Structures are given as structure tokens and as C-alpha cells.
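[1] 3D model of this:
(chains A and B)
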Amino acid sequence: MNSEERLIYMANQIATNLATDAAPVAAVADHIQTFWDPRMKRMIFAHGTDGLSPVAAAAIRLLADAQNGG
Amino acid sequence: MTYQPQKDFGTPESRSDEAVSLTIDGREVTVPAGTSVMRAAAEQGTSIPKLCATDSVKSYGSCRLCLVEIDGRRGTPASCTTPVEPGMVVRTQTPQLAKLRKGVMELYISDHPLDCLTCAANGDCELQDQAGAVGLRDVRYDVQATHLGQEKDHSNPYFDFDPSKCIACSRCIRACDEVQGTLALTMEGRGWDSKISAGFASDNFMGSECVSCGACVQACPTATLVEKKVVEVGTPERSVVTTCAYCGVGCTFRAEMRGEQLVRMVPYKDGKANRGHSCVKGRFAWGYAQHQERILKPMIRKSISDPWREVEWDEAFAYTASELKRISAKYGRNALGGITSSRCTNEETFLVQKLVRAGFGNNNVDTCARVCHSPTGYGLKTTFGTSAGTQDFDSVEDSDVILIIGANPTDGHPVFASRMKRRLRGQDGRPGAKLIVIDPRRTDIVRSPHIEAQHHLPLRPGTNVAVLTAMAHVIVTEGLADEAFIRERCDWDEYSHWAEFVSQARNSPENLQPVTLVDAEELRAAARLYATGGNGAIYYGLGVTEHSQGSSTVMAIANLAMATGNIGRSGVGVNPLRGQNNVQGACDMGSFPHELAGYRHISDKGARALFEKDWGVTLDPEPGLRIPNMLDAAVDGVFKALYCQGEDILQSDPNTAHVSAGLAAMECVIVHDLFLNETANYAHIFLPGSTFLEKNGTFTNAERRIQPVRKVMTPMNGLEDWEVTQRLAQAMGLNWNYSHPSEIMDEIARLTPTFAGVSFARLDEMGSLQWPVTADAPDGSPIMHIDGFVRGKGKFVVTDYVPTDEKTGPRFPLLLTTGRILSQYNVGAQTRRTENVAWHPEDLLEIHPVDAEDRGVKSGDWVKLASRAGETTLRANVTDRVAPGVVYTTFHHAVTQANVVTTDYSDWATNCPEYKVTAVQISASNGPTEWQEEYEALSARARRVETGIAAE
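    Numbering: from 1, shown residues only, chains lettered A, B, ... in the order given. Okay, the predicted model is just below:
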């Protein structure tokens, strides 16, 4: 697994484990915002949503939008 | 200060609240009811002669030396077995008593060698003292038969057994029974033939069940059981109270010294974690501190293919600072990072993370908790609001049901295990606590003398969440939840959501049995016992955290405790058995890349402002890299320099090939350690470290107990570790001027609310303090969440079972899980450099007889252990301790390199590696793998030192 593949794997794993949360997309976004360093976030934003589960993809879009907007 | 052994009160302390007053030798004394006359006398400073009594074990009444006279009583009762009564009038010294005692001593001495002057216990022998105390001047008996002249047993590497000096008081037997709980010793024969025996008469100590905890040596009143070191160098002349540097139990010891030479480590009776007990590591395995392989001078090299060059400290600091500045200028400040050590003190850890945040200018700091208990931090913070266990160790004495999951306390946390076992055996008519063990292996505590687990659930590795959810299913659907507690203390809506989830039919024990392999009826019974058996306490270890669902399992445990109301008082709680001596402290000190000291997120403006003002810097508000992320970034070519204090990531972290690739890609790896460890093979700068005996500071144990570490000898390398970090920071231009670690603790206290009341002065006064230590709790907090959770309402979190992606299949049909053994510690850097190798000279692979037979493997055969990540070889041990389909090994020896095999799957929330589940195949082998051969050659090359003498 290279770094990008690992980030995709991690995002999907977080999404799977937070699937039972009341608001899974927000929970995944919050988790990534809280624990990932800026380069990891930049890498996954640049990668886009290929290979991401729907919840993980929505979370990444939410974070990327917040970053661009803010 | 001259040497004095710790005062011995003769019999254990009574815990009664009722006070009793009596008169002893004309002086009135008040003691708790249930106290012996002997102890009451000792409390008022009167020393009644004694031999068979010592305050670590129950009174026995065999030596007849402690006789006293009591008004209104006939005869001369033994003071050790006579409880105090109100108004009792006792005389301890009368002509009649003197005559009786002299007679008794005369009999003892008639069968004891008179070689006091050349005896190892000369000056530290109770028999000698009592002979003096009773005024024995000659022995009238012409004894024909004696038990003298027997052969000594030198088999234990740390202590000798000389049966000729034994007075048959049986203190050693009782210490082994009552304190350690191994019951290894017994009395063979009668009369002159009486002899202490380790197991069968044919066994010597080494060949017996003895675990070398030292309790018998401690209890022996003569030189019958004596430390080899005392035989070698003589008795100590002073002592210093300090804290053990091995596991997270955090035993307090007296370091007994001659000048700057350590003679022995003696467990301290007032130590609140260990209460006077010890294990083979803390008591005896400190020889590494003076081991010839310790590196005492800094060393540098341009490339890892060069030999090392020894330099002076000044050059080492100047060179290190210049390399870090060069890399920061060339690649940016985020190319630097550091790893703090759970082996080092709070103060040292705090300085390393401060160097990274304030000096390197980023948050790329992590600690080895990443690979052990980071899920504990995440899980307990989420559910309870605090990243730590809820109890003190004393709490176990009030437990009625003990649930152990993913922990092997008799090997990993032996001193606490002894206290737990004492509670499990029951005492003085009080029945023992019930025991539930959830573990793929039949660990020792499942069945040991006078202990048998009511339920052992040998689950398939990786299914913790499924098992705990199934237990929750039983508790909720059978109406066993403590709804009153939940309504008062937790968020009811979150509970309802969770209860609805666990109640689903898919989460029933029956439905999950094919996944967990745990018998559904047995699981139901275990759940009922935990929920209804009285005070229920959960103890867990790395078998919980080191999984892809480690954090979920911690939260599932918290859910169970809340659902049954088992939080907020003595005897209950959620108790992570932390691995390293200071892993709790390292986490508390802000070692994580997303958190400042006291678990405040780096994005928290208020918390950041506090540090920025104190340190005079601007902090990066974004989280930094965790250890695995650092290695990924290194492989990507953007992370270039690492300051690694007291951790051997190459041996301890998973997927060795990936770790070595990451290290090899860096331009400046700084290893700050005692030895040229495995990581140092890839290092460019080596800064020699100091041992816990050579520095001042504090460690924080698994019960949040902050304890002093006191310097007993000058650092052999010249500097304490905090001084090394400070000098490096100064070389980088930081204006640090700490003159003592107490000043660092003062800084921690003013920046960390939970440490507000901590100072070295307070620790000296109290002995130890359990955080939070605040204005509301100035003496600390033994038990947390008493009236409410730190986060407000306890949070139930739905933890759905998600199977790991590490799957067995035709190529890798077995599951490997890893663990520890009593005599070795972690990567073995310390214990492998002691006599403890006598117990565990190599890592072995445990394999079930069925799996072994399928592969034609016998015990002792070399086998190849292969996974998708790599392969290694080691020898097999065929045993039914492991279930079919499961194999197990330890990772204490560098040559085995068990982590070549482990994968880089990790916990979803924290990236804690999944050490506990790897799909493997076993096959016959006749030699080391290519990796092992190449690595050995690399190590030999990497450890060359220019002076011409190989460092290791």
C-alpha cells in the first residue's frame, strides 16, 4: 500500500466504524479533521473520492468544501 | 542516612474502623480492633522478640519467642496470635519471659551454624538480632543430630538457598502462598529432616514453579534465602525510595546502596501500587543498568554505512542542531519530528514534545502509546471524558466479579496480579471474587492454585467487539441493566439507541457464535455473572487495544460498565493495565500529535494560548503526524529527521520492512537510548541515555499515580536524559534553563489543570498522588467519576462489529497472536541483558497439537512463520494452551523479529497496530530466513565504531 492508498483505506475504515453514528458523514469529517495532519488531508483532497465509500466520500467533500470556503 | 531495614510490625495492619485501647508496659496505646498485641506494641515503639512473624503474612505462632504476660490470663500467650482487647494490660519484659525466650533461642541456635562473621546476612539477620535481644550467651546442648551441612541450592540466578541456615519458621512458604500466590514452596519432612522445598524434593528453585518474585527472600529472617549480590558485595549502607522502571504497575522500591553501587532493590511496604511486593524484573533484573554494552559517549556518522565516530557532548549537540536546522531549511519545518518515550520520566517526555512544538515548530510528536494504549485514550475520553482508568489498584479488594479481557496479568503485570489473585482466593472467611477471562489463550490466571475462572471464553482473535456486544445483548434483553444508574448518570437517548442496537437478534450470543467461536450458553452465563454478581470490575490490556477495532472494544467495555452501574466506587470500574512504566504519563504530557498536555486538542485556541504565552512561541494549530504517518511521509520523501528518545521502533513497531524503509529514507535519525538498539542501525546520531537509577523525575502508573523517581547514582554517560534534551534545545537556540526536573513539573502543573496541585514537594510529602490533583481534590483522586462523569453524562457508543481485513485463507490458514512472558520485558533491550534470559532464552511459537501434527511439527523443531508481510523462523512449542487454528509468540528477542510478520493494519480511530491478529502459515524449516540473515549482516555493519572495538 502506498501512502495514498493507505489514506483511502483509512478513510473507508473510519467510515465503516462510524456507520452506526447518528450523523456518520459529520462524524467521519470530524474524526479526520481532528486526527489527520495537513499533508494527509491535502493528499486525500487532491485524490478526490475514487475508491471511497459513499460516507467517506461525502465526509471528504464536506471537509474540502469547508477548507476552500474558509 | 545509615541503612535501616523498613520497620516490621510483625503482623498485617487491621482495616477495622473500631479503635481499641490497651496498656503495654505501662503505656497506653490505641489501635484498630483486630490488631495483634505484637503489632500494637510495635506501633508504640516496643519491640517484642519474634522470628516466625513478619507483617507481610498472617500470624502463625510457631516460634514461641514473642510470648507476653497479660493480666488476668493464664500462661504466656504468643503476642502475634493474640488480638488486642479493650483495657488489656500487657507486659513484654519480665524475668519469666526472659527465661522462656532465652530457652527458645538456645534451641534455635543449637541447630544453626555459628559463622556469623562470614555470613552474608551478618548485621542484617533477625536470628542474630534476637539472640542479642534475649541475651543468649551460651548453648548448653551437645546436639548429636542437626540439619547442618546440607548442600546449597545456587540454581536461581539471583538468590541462594542454604537449607543449613533455615530455622523452619515457614515465612518463605507463607509469603509465596499469601503474598505472591504461586504456592511453590512447601515443608518436606519432620523434625531434623524439616526442609523447605520448592515443589518436589527433587526440584531445585530454578526447576520449580517458583517465579522468582523475591517475596520469600524478603520474608526470610536469616541468610537461608539471600540475594547473590549481597553475598558478593555485602550489606547495603543506605537506601533511597524510588519507582520501578519496568511495567505500568509502578512498584515502589528501596534502592539499597553501598556508595554508588546498587546492592539490591527491595519492595517498599508503603508503596501504594505494590504494597511491599515485587516481581522478578523489578526486584532483580536491573543488571542492564551497568551492562558493558551500554553506550556512554555520543556518536555520529554521515551515513548509516559508515562506522560510528565517538564525539564529546558539545560536538554532538552542535552537529545535531546543525543537521536539524539544515533539514528544516531545505525541506521545511514539517520534515522534522520526535518520539517521546514511555520509559522516560514525565519531565523528560514533556521536554521532548516541547522541543518538537516550540523548537521544530510543528506537532509531529508521538509516543509508543500509539502502538499500545492509544485506543484507551480515545475510547475512554469519548465515553467517560478522561483518557485513563477509573480506579486505584486497592479497588480490587472490593470487587466481587473480576472480568479480564485481553490481558495476561500474571505475566504482564505480575505484582498487581498477585493482589488480584489474593482477592480471587478469598481471605479470612470472605469468599473469593468470581472470575471471567476472555482470551484466545488459556492464560495462567484461568486456572492456578485455589483459583479457577468461572468462565473462560476462548474467543477467535479479532472478535472482541462481537463478544462484548453479545454480552450487552444478554444484559439488556434479560433486563439486567441498571436503569436507575443509567438515567441518573448517562444520556438516556444514547443509551436507548445503544440498547436497541445490542438487542437486535443478530447480536445474540447464539447468532455470533460462528464468528466468535464462544459457546453461547457460557457467554450468557458470564454476562449474567458480571451484571448481577455485585461489584464488577473490568481489567484489560493490549489484547483489547491492538486490533483494528481497538477503540471500539474500549468503548464496548465502557458501555458494559455503564449499563451495569459498575462505575464510580471502589471495587468496580474500567481498568486498562498499561504496559510501560510511564505510558500513562507520556500520554498525559502531550506526546500525541493532536493534543497538548492534559488531553487538550491542539486546535483549542484557549489551551494553545496558555502554552504560547508560557513558551513565547506561536504553536501550529493543526495536528501533526503519528508514528505510522511519519514513516509513510518518510517513504514519500517529505519527512527527513526524527529524534527518537527511548523507543526502539524498528523492533517494536509492526511490519519491520516498512519501518526500515521509512528510517532508511530519512537524512537524520537521532537515537537517544541506553544501547545501540535495532533502530540505531538506521541512525546518524546516537545520544547515550541514562537509566532510572541515574535521574530525578516522576513516572505515572496505570492508576494515574504520579510517583517520584530518585537519582541514586551519577549517570554513567554524564547527563540525565532531560539534560540531554535541554542541551539539544539550547543548541537549537531555545532559551531553556531548567536546573532540576522539579522546575519542569512546576511548568507542567501551571499549564495542565489536572496536574495543578502537583509538585515535587507535595510528592515527597504524600509519597505519590493520583491525578486529577486540583483545588477540589488536593490529595488526588483514587477513584474517578464518583458523582458524575468528567464529560458530564456518560456516553453510550454503538460499537458495530467490523471484521478485520486480515483474513485467513488457503495460503495463510492460521491466526497469529502475540504476547509477553513474565521474565522478559517488551523488546527485551533491558531484560535480555540480565540473568532473566535463564527463564526465556528465545521466543517460541505456541501451536496446538492438531495443527502441529498436520504440519509434522514437534516441540523444539525450527519452523518458518510466514505472513503476507514477511517471514521469520523460530522454534515450536506444541501446547493446547492455544486453540486449534491459533498460534502465539512473544516478541522479546531481536533475532526472532516477530514484527517482520505482523501487518500494517491498525485501529480505525488511532492507528494502533493490529499486533494481535495476523494470518500466517507454519512450515518446517532448517535455518534462518533470508531476511534474518541479511538483517544480522546489516546489524553487524551498522554497529561498527571507529575506535576499532565493536559496540555490541
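
[2] need the contact list for the residue of the stretch 151-300 of chain B at minimum distance from chain A.
    Of the residues in the stretch 151-300 of chain B, the one nearest chain A is B:Gly248, at a distance of 24.3 Å by Cβ to the nearest Cβ. In this view, the C-beta of every residue, glycine as well, is placed from N, C-alpha and C. For B:Gly248, the contacting residues are B:413, B:577-581, B:583-584, B:701-702, by Cβ atoms under 8 Å, 6 or more residues apart in numbering or on different chains.

[3] tell me the SS of the residue positioned nearest the centre of chain A?
    Ranked by distance to the mean C-alpha position of chain A (Cα atoms, centre = their mean), the top residue is A:Ile60 at 4.1 Å. When classified by DSSP: H, G, I helix; E, B strand; the rest coil, A:Ile60 comes out as helix.

[4] tell me the domain ranges of chain B?
    Domain assignment for chain B by automatic domain parsing gives B:19-133, B:159-290, B:299-368+B:582-770, B:374-576, B:814-942.

[5] Dump these into JSON lines; add mean pLDDT as well.
    Compiled in JSON lines, the domains of chain B are given as follows (pLDDT from 0 to 100):
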{"stretch": "domain B:19-133", "mean pLDDT": "95"}
{"stretch": "domain B:159-290", "mean pLDDT": "94"}
{"stretch": "domain B:299-368+B:582-770", "mean pLDDT": "96"}
{"stretch": "domain B:374-576", "mean pLDDT": "96"}
{"stretch": "domain B:814-942", "mean pLDDT": "91"}
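
[6] circling back to that earlier point, contacting residues around the residue nearest to the centre of chain A?
    Applying Cβ under 8 Å, 6+ apart to A:Ile60 gives the contacts A:11, A:29, A:32, A:44-45, A:49, A:52.

[7] ok, now B:Ala876?
    By Cβ under 8 Å, 6+ apart, the contact set of B:Ala876 is B:844-845, B:847, B:852, B:857-863, B:922.

[8] before we move on, back to that, return the closest of the contacts of B:Gly248 with respect to chain A.
    Of all those, B:Val583 has the smallest distance to chain A: 19.2 Å, by Cβ to the nearest Cβ.

[9] In contact with the closest residue to that closest one other than its chain neighbours, which residues?
    Nearest non-adjacent residue to B:Val583, counting by Cβ to Cβ, 6 or more residues apart in numbering or on different chains: B:Ser342, 3.9 Å away. By Cβ under 8 Å, 6+ apart, the residues touching B:Ser342 are B:349, B:367-369, B:372, B:579-583, B:585-586, B:646-647.

[10] how about 6 Å then?
    For B:Ser342, the contact set (Cβ atoms under 6 Å, 6 or more residues apart in numbering or on different chains) comprises B:368, B:580, B:582-583, B:586.

[11] which two in these are spaced the farthest apart?
    Spanning the widest gap among the contacts of B:Ser342 are B:Cys368 and B:Asn582, at 10.2 Å by Cβ to Cβ.

[12] more crowded one of those two?
    The neighbour comparison of B:Cys368 against B:Asn582 (other Cβ atoms under 10 Å in any protein chain shown) goes to B:Asn582, with 35 against 27.

[13] so what's the nearest residue to that one once chain neighbours are set aside bridging to?
    Closest residue to B:Asn582 apart from its sequence neighbours, by Cβ to Cβ, 6+ apart: B:Phe699 at 4.3 Å. Taking DSSP bridges as the rule, B:Phe699 bridges to B:Gln707.

[14] measure B:Phe699 to B:Asn274 for me?
    Applying Cβ to Cβ, to the nearest Å, the value for B:Phe699 to B:Asn274 is 13 Å.

[15] Name the residue in those two with the higher neighbour count.
    B:Phe699 (30 against 26).

[16] Can you list the low-confidence ranges for chain A?
    Applying pLDDT under 70 to chain A flags the ranges A:69-70.

[17] hmm, back to that, can I get the domains of chain B in a markdown table including distance to B:Gly149?
    Formatted as a markdown table, the domains of chain B follow (distance: least, Cβ to Cβ, whole Å):
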| stretch | distance to B:Gly149 |
| --- | --- |
| domain B:19-133 | 9 |
| domain B:159-290 | 6 |
| domain B:299-368+B:582-770 | 39 |
| domain B:374-576 | 33 |
| domain B:814-942 | 28 |
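
[18] and of those domains, who's closest to B:Arg791?
    domain B:374-576 (2.7 Å).

[19] Span of the closest one from start to end?
    With Cα to Cα, to the nearest Å as the measure, domain B:374-576 spans 11 Å from end to end.

[20] where's that domain relative to the chain centroid, distance-wise?
    The chain centre lies 20 Å from the centre of domain B:374-576; the measure is Cα atoms, centre = their mean, to the nearest Å.

[21] Could you do stretch B:25-44 as well?
    A distance of 36 Å separates the centroid of the chain from that of stretch B:25-44, by Cα atoms, centre = their mean.

[22] what's the spacing between the nearest residue to B:Gln130 once chain neighbours are set aside and B:Val84?
    Leaving aside its sequence neighbours, B:Gln130 sits nearest to B:Pro49 (Cβ to Cβ, 6+ apart; 5.0 Å). Distance, B:Pro49 to B:Val84, by Cβ to Cβ: 19 Å.

[23] What are the phi and psi values at B:Arg626?
    Backbone torsions for B:Arg626, taken as degrees, to the nearest 10, come to phi -90, psi 170.

[24] Which one (most neighbours) among the contacts of A:Ile60?
    The residue in these with the most neighbours, by other Cβ under 10 Å, is A:Ala11 (26 neighbours).

[25] can I assume that residue is in contact with A:Pro54?
    No: taking Cβ atoms under 6 Å as the definition, A:Ala11 is not a contact partner of A:Pro54, at 11.7 Å.

[26] Could you say which helix or strand holds the closest residue to B:Asp653 other than its chain neighbours?
    Distances taken as Cβ to Cβ, 6+ apart put B:Val659 closest to B:Asp653, at 5.1 Å, once the chain neighbours are dropped. Element membership of B:Val659 [criterion: DSSP states H and E] is helix B:656-664.

[27] which residues are contacting that helix?
    Residues contacting helix B:656-664 (Cβ under 6 Å, 6+ apart): B:631, B:634-635, B:649-650, B:653, B:669, B:682, B:870, B:897, B:899-900, B:904.

[28] Just after that helix, pick out the following helix or strand.
    Past helix B:656-664, further along toward the C-terminus, the next helix or strand under DSSP H and E is strand B:668-673.

[29] Mind listing what's buried along the helix or strand harbouring B:Tyr108?
    In this assignment (DSSP H and E), B:Tyr108 forms part of helix B:95-110. With burial defined by 16 or more other Cβ atoms under 10 Å in any protein chain shown, the residues of helix B:95-110 counted as buried are B:97, B:100-101, B:104-106, B:108-109.

[30] next one: stretch B:742-751
    For stretch B:742-751, the neighbour count (16+ other Cβ under 10 Å) marks B:742, B:744-749, B:751 as buried.

[31] Sort out for me which of these are in helices.
    Under the assignment DSSP state H, the buried residues of stretch B:742-751 contribute B:742, B:744-749, B:751 to helices.

[32] The residues you listed: which ones sit near chain A?
    Among these, no residue sits close to chain A (Cβ under 6 Å from any Cβ of the partner chain).

[33] Out of those, the closest to B:His601 would be?
    Among these, B:Leu751 lies closest to B:His601 (Cβ to Cβ), at 14.8 Å.
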